[in-house]
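Visitor: Build me a structure from this.
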Amino acid sequence: MHLTMSSLKIAFYCPNKPLSHPHPSGDLSIARNLHHALTAMGHDCREIVQFRSRWFWQSGGGWFKAAASVVKAYRRIQSFRPDLWLTYHSYYKSPDLVGPAVSRLSQIPYVLFQPMYSTRRRKTARTRLGFTLNRMALKTAAAVFTNNRNDLEALRRIVPSERITYLAPGINPEVFQADEAARVRIRRQYGIAAEATVLMTAARFRPGVKVESLAYLFRALARLDGRELRFTLLVVGDGPMASLVRESAETLVPGKTVFTGGVAPGDMAQYYSAADLFAFPGIGESLGMVYLEAQACGLPVVALDSPGVAQVVATGRSGLLVPHDTGEAMAEAIREFLADRGKRSAWGREGQQYVREQHNALRNAHQLSRKLEQIARRGLPRR
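Guide: Numbers count the residues shown, from 1 in each chain. From the prediction side, this is the model:
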């Protein structure tokens, strides 16, 4: 072991999306924030392997790639000699089979961050193997950390409660700050008037709940009287459904949308800075890191009231969470903010404070760091 109280060697792995994955998502943001925070605290946190295990068993060479990744990871472990293994986000679609195997061979503690567990996945042939591999990973874990309260009950069915720790989801507030110069620059770039009221939304344009959420937002905005409330909708994102999303926007809110295309995660704060309000329904969102990013940049939020979104929005203080109806409730909430600049400013300040105090990734990571030091000091758990 190379353990000190202030520094750990951590073998890091993301079976769902490696850190270099090109398509942004909330899960990828959390993984990168986690890696950044642990590194910033002085730990040597290295991504050991980039094997993406998502449905790997359904492809012809999937098992070969999995086995090769185990071998590659084990060889790297021998030279790195970490104090523990940390896997981010194992679940039935992307189970971690590398970490349990390599940590067992190397005799180091195995830790999971944000795993998921659902017993119904064992009932169908398509998901049964992924469920089984994920279950094995959970049973191997010396400790489990989750940033989603909604996952706690299910995790307790398979992991002893004393091995589970809840950590609030967080971002790095210093990365997401309102920038007046960026506000001017981005508006000028897209031909948006300096005095215009800008509503922003952001998502990956992929089939499923992301596109459904955008369509829901467009339908809600179509309910607003354009003569009464003037606004520009800034749509940030790209993906395989881009043409359908653009067509839907032009049909429902003609002449009011500006599409930016894909934006690098490091540039998102500039686009939030150009806006006055953030709205994204968040259908099926487990958490939704964009809501934290928007609030950190001083934007009040409008979204659907769901268990996932409610964990990252201070409803009634920094945002309004509305029922899932035909869109009328969302339209009314947006109308309130568009009509009241003072309310937008006041709620925006509340959101900044809320993120700094309750969803600061670096602050939350200090608690994780202390726990990891304890786990490394104890070594492998007794079975």
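
Visitor: Skipping adjacent residues, who's closest to H324 in space?
Guide: L304 (5.1 Å; CB to CB, 6 or more residues apart in numbering). Every C-beta, even on glycine, is put in place using the N, C-alpha and C of the backbone.

Visitor: Test my guess that that neighbour contacts M330.
Guide: Yes. L304 is within contact range of M330, at 7.2 Å (criterion: CB atoms under 8 Å).

Visitor: So in the protein, where's the weakest helix or strand by average pLDDT?
Guide: Of all helical and strand segments in the chain, the minimum by mean pLDDT, DSSP states H and E falls on helix 26-40, at a mean of 87.

Visitor: ok so, going back, can you check which residues contact both of L304 and M330?
Guide: Y216, P281, V322 (CB atoms under 8 Å, 6 or more residues apart in numbering).

Visitor: Neighbour count and pLDDT added to those, as TSV?
Guide: As requested, the shared contacts of L304 and M330 are exported to TSV (neighbours: other CB atoms under 10 Å; pLDDT from 0 to 100):
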residue	neighbour count	pLDDT
Y216	20	98
P281	26	98
V322	21	98
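
Visitor: residues contacting the residue nearest to H324?
Guide: Y216, P281, G282, I283, L321, V322, P323, H324, M330.

Visitor: follow-up on the earlier one: any chance you could list what contacts the least confident helix or strand of the chain?
Guide: Under CB under 8 Å, 6+ apart, the answer for helix 26-40 is 10, 12, 14, 16-17, 19, 21, 45, 47, 88-89, 113-114, 147, 169-172, 265, 285-290, 361-362, 364-365, 368-369.

Visitor: Give me the pLDDT for the residue nearest to L229 when sequence neighbours are not counted.
Guide: Leaving aside its chain neighbours, L229 sits nearest to L338 (4.8 Å; criterion: CB to CB, 6+ apart). Looking at L338, its pLDDT is 95.

Visitor: mind checking how far L338 is from L277?
Guide: 7 Å (CB to CB, to the nearest Å).

Visitor: Ok, N172 next?
Guide: Taking CB to CB, one finds N172 at 23 Å from L277.

Visitor: the more surrounded of these two?
Guide: L277 (25 against 19; other CB atoms under 10 Å).

Visitor: Quick one: residues contacting that one.
Guide: So L277 contacts T197, V198, L199, M200, L299, P300, V301, V302, I334, F337, L338, R344 (CB under 8 Å, 6+ apart).

Visitor: do the same with E174
Guide: Counting by CB under 8 Å, 6+ apart, E174 has no contacts.

Visitor: I48 too?
Guide: I48 neighbours (CB under 8 Å, 6+ apart): A11, F12, Y13, A73, R76, I77, F80, W85, V102.

Visitor: repeat that for 6 Å
Guide: Neighbour list for I48: A11, Y13, A73, R76 [criterion: CB atoms under 6 Å, 6 or more residues apart in numbering].
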